[in-house]
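Colleague: Sharing a sequence plus its predicted fold:
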Amino acid sequence: RKEVEQDPGPFNVPEGATVAFNCTYSNSASQSFFWYRQDCRKEPKLLMSVYSSGNEDGRFTAQLNRASQYISLLIRDSKLSDSATYLCVVNGGNPTSGTYKYIFGTGTRLKVLA
Amino acid sequence: GAGVSQTPSNKVTEKGKYVELRCDPISGHTALYWYRQSLGQGPEFLIYFQGTGAADDSGLPNDRFFAVRPEGSVSTLKIQRTERGDSAVYLCASSLIEGNEQFFGPGTRLTVL
């Protein structure tokens, strides 16, 4: 089983739609979680951190379910500019031993259609 | 302020040659990470530094790969006897401290012919 798993998509949705991505992780000791966005041939850019209580940033909502070991990203009112690959990132190290290795999923491709 | 920079942006080399890839992190960031990314895949962890020391090098694929960060700032990833399978985009990221969000450089696209 991969340490971090995402559905690669692509997800093709119309403008204005709501779309959700899930990401599962295998290391129950993971402490930090993030969603990054990556445009074609560009570097990943931080979209948002994921907090235990869930968090929202404008049209984006991230949630963490520790019991089931998954995180989710919800995008409301999709815009054409949201078209990108969304990468799930999990701390795969062991904070107790002091290492903070981050593991990326393969990414989920989103295409928002006019 | 300046972000993470990487040089060169592109590197084409022949099989068997030695290459060095450089990363200049955001000033003041203590943690520095190296990844490589192949088409259609997420970034694959290689190694990370906390200060000058390698805190975790478990992602280095074999002993042809080595990285240094002698003064706790700039880092160099060194690949000996390059192979065609080493072709990828090599990404560098830095974070203020371990465990925080990372900021990525634009990457070095390595092509081994």
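Modeller: Looks like it came in fine. Numbers count the residues shown, from 1 in each chain, chains lettered A, B, ... in the order given.

Colleague: show me where the chain has strands.
Modeller: I went with chain A, as the question did not name one. With DSSP state E as the criterion, chain A has strands at A:4-6, A:11-14, A:19-25, A:33-38, A:45-49, A:55-57, A:60-65, A:70-75, A:84-91, A:102-104, A:108-113.

Colleague: that's the wrong chain, I meant chain B
Modeller: With DSSP E as the criterion, chain B has strands spanning B:5-7, B:10-13, B:19-24, B:31-37, B:44-50, B:53-56, B:65-68, B:75-79, B:88-95, B:103-104, B:108-112.

Colleague: Could you list every helix and strand that the fourth one packs against?
Modeller: Read it as strand B:31-37. When contacts are defined as 3 or more CB pairs under 8 Å, 6 or more residues apart in numbering or on different chains; DSSP states H and E, strand B:31-37 sits against strand B:44-50, strand B:75-79, strand B:88-95. Quick note: C-beta positions are derived from backbone N, CA and C, even for glycine.

Colleague: I'd like those laid out as JSON lines, including distance to chain A and mean pLDDT.
Modeller: JSON lines is the format used below for the helices and strands packed on strand B:31-37 (distance: least, CB to the nearest CB, whole Å; pLDDT from 0 to 100):
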{"stretch": "strand B:44-50", "distance to chain A": "6", "mean pLDDT": "95"}
{"stretch": "strand B:75-79", "distance to chain A": "16", "mean pLDDT": "98"}
{"stretch": "strand B:88-95", "distance to chain A": "6", "mean pLDDT": "97"}
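
Colleague: With mean neighbour count as new columns, can these be given to me in TSV?
Modeller: Shown next, in TSV, are these (neighbours: other CB atoms under 10 Å in any protein chain shown):
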stretch	mean neighbour count
strand B:44-50	22
strand B:75-79	20
strand B:88-95	23
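
Colleague: Would you convert those strands into CSV that also reports distance to B:Y33?
Modeller: CSV is the format used below for the helices and strands packed on strand B:31-37 (distance: least, CB to CB, whole Å):
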stretch, distance to B:Y33
strand B:44-50, 4
strand B:75-79, 9
strand B:88-95, 4
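
Colleague: if we compare the ones you listed, which one ends up closest to A:F60?
Modeller: Among the helices and strands packed on strand B:31-37, strand B:88-95 comes nearest to A:F60, with 21.1 Å by CB to CB.

Colleague: on contacts alone, who are the packing partners of the closest one?
Modeller: Judged by 3+ CB pairs under 8 Å, 6+ apart, the packing partners of strand B:88-95 are strand B:5-7, strand B:19-24, strand B:31-37, strand B:75-79, strand B:103-104, strand B:108-112.

Colleague: near chain B, which residues of chain A?
Modeller: A:4, A:6, A:8, A:31-32, A:34, A:42-46, A:49, A:87, A:91-93, A:95, A:98-107 (CB under 8 Å from any CB of the partner chain).
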